[in-house]
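Visitor: this one's structure only:
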């Protein structure tokens, strides 16, 4: 019997493993966003401000992580250089995610809109990105160069 010197074949991560990682990411991001909501209310945001309520930020956290995952998968599989594409896309999309918050602050279209409330929403976006990106990297590592 001879020893082989070739590198092990790269296996595709299982869908089950990815699902577990993403569920954990949602739980961690929701916990971080709960802390931000609590701090925002302590800083003067109305406790009744809809986007800072548990059901609202839990739903939008889960939807954000799911949408980000879909984009991550598409870019990882189709981009010529996925690492470079994601290095550009993640910060650009993060900044773009603030646009609705800025519009909310400018127009106050949701009752109870205050500066602390909107700043909290923006911080929540950062929490989602900070939790989701490492989770995506675990769930679907970038292909080797």
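Guide: Yep, that arrived. This is a predicted model, so every value here is computed, not measured. Numbering: from 1, shown residues only.
Visitor: remind me, longest helix of the chain?
Guide: helix 15-42 (DSSP state H).
Visitor: Would you mind listing the buried residues in it?
Guide: Burial within helix 15-42, assessed by neighbour count using 16 or more other Cβ atoms under 10 Å, is assigned to 18, 21-22, 25-26, 28-30, 32-34, 36-37, 40-41. Bear in mind the C-beta positions are built from the backbone N, C-alpha and C, glycine included.
Visitor: now do stretch 98-110
Guide: Applying 16+ other Cβ under 10 Å to stretch 98-110 flags 101, 104-105 as buried.
Visitor: what does the strand or helix carrying residue 57 rub up against?
Guide: In this assignment (DSSP states H and E), residue 57 forms part of helix 54-78. With contact meaning Cβ atoms under 8 Å, 6 or more residues apart in numbering, helix 54-78 is reached by 22, 25-26, 29-30, 33-34, 37, 50-51, 82, 85-86, 89, 93, 97, 124-125, 128-129, 131-132, 135-136, 139-140, 142-143.
Visitor: Next up, the contacts around residue 93.
Guide: Contacts of residue 93 (Cβ under 8 Å, 6+ apart): residue 71.
Visitor: ok now the helix or strand harbouring it, how far from the chain's centre?
Guide: Using DSSP H and E, the element containing residue 93 is helix 82-96. Distance, stretch centre to chain centre, for helix 82-96: 12 Å (Cα atoms, centre = their mean, to the nearest Å).
Visitor: Could you identify the helix or strand that succeeds that helix?
Guide: Next along from helix 82-96, by DSSP H and E: helix 99-107.
Visitor: buried residues in the helix or strand following that next one?
Guide: Next helix or strand after helix 99-107 toward the C-terminus (DSSP H and E): helix 115-139. Residues 116-125, 127-129, 131-133, 135-136, 138-139 are the ones in helix 115-139 that count as buried (16+ other Cβ under 10 Å).
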